[in-house]
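Trainee: model the following, please.
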Amino acid sequence: MSGAQDERSLGELVASAATELSALVHEEIALAKTEMRQSVSRGVAGSGAILVAGVLALFSLPVFSFALAYWLEAWWKIPLAVAMAIVGGLMLLFAVLCGLAAKSLLKKIQAPKRSMASARESASVLTKAKPHPRPAGSARSSREAASLTSAQREPERESALPAGTGGKSSGK
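Mentor: Numbers count the residues shown, from 1 in each chain. Presented below is the predicted three-dimensional model:
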């Protein structure tokens, strides 16, 4: 410790610690926000892929299924019912592939690992921190002054009262 740090009062040390802790908390929150923005953007991309898969499966199925089924029936001489089943299966396969692509995008969403690790590290540092002992001849601390009972303070107050009152009010 340098000489300048030894001369700082308890209030200055507490204020400094509170300022540094506040800055640390703000930085932790900023890191968590950044990581959450990344995860949200991945979630939006995955949700968009799911939406596209659903829209394609819903709207393209009747249009292309009829066109392809009639083409199969006209060119390949496949019965219309079998052609419709083949077309329906192809559309369903395409929807499943889009759903799997969306699932792989959504799996890439991660928890804010760096924020959690940094918060754990900060918490461990704070739990291991110990106050520095005061020198033996120092003044009474504010905690000791606050812990005095009223009985301990009574003699000080009675000695300040005029003689003959005995520390009690006359009640008039």
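Trainee: mind listing what's buried along stretch 54-73?
Mentor: Neighbour-count burial for stretch 54-73 flags Ala57, Leu61, Ser65, Leu68, Ala69, Leu72, Glu73 (criterion: 16 or more other Cβ atoms under 10 Å). Glycine gets a C-beta too; all of them are placed from N, C-alpha and C.
Trainee: these into a markdown table, with extra columns for pLDDT?
Mentor: Compiled in a markdown table, the buried residues of stretch 54-73 are given as follows (pLDDT from 0 to 100):
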| residue | pLDDT |
| --- | --- |
| Ala57 | 79 |
| Leu61 | 71 |
| Ser65 | 79 |
| Leu68 | 89 |
| Ala69 | 92 |
| Leu72 | 92 |
| Glu73 | 93 |
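Trainee: in this structure, which residue is closest to the centre?
Mentor: Residue closest to the mean C-alpha point of the chain, counted by Cα atoms, centre = their mean, is Ala32 at 5.8 Å.
Trainee: ok, and the closest non-adjacent residue to that one?
Mentor: Nearest non-adjacent residue to Ala32, counting by Cβ to Cβ, 6 or more residues apart in numbering: Ser115, 4.0 Å away.
Trainee: from Ala123, how far out is that neighbour?
Mentor: Ser115 sits 12 Å away from Ala123, going by Cβ to Cβ, to the nearest Å.
Trainee: who's more crowded, these two?
Mentor: Just comparing Ser115 and Ala123: by other Cβ atoms under 10 Å the higher neighbour count belongs to Ser115, 19 against 10.
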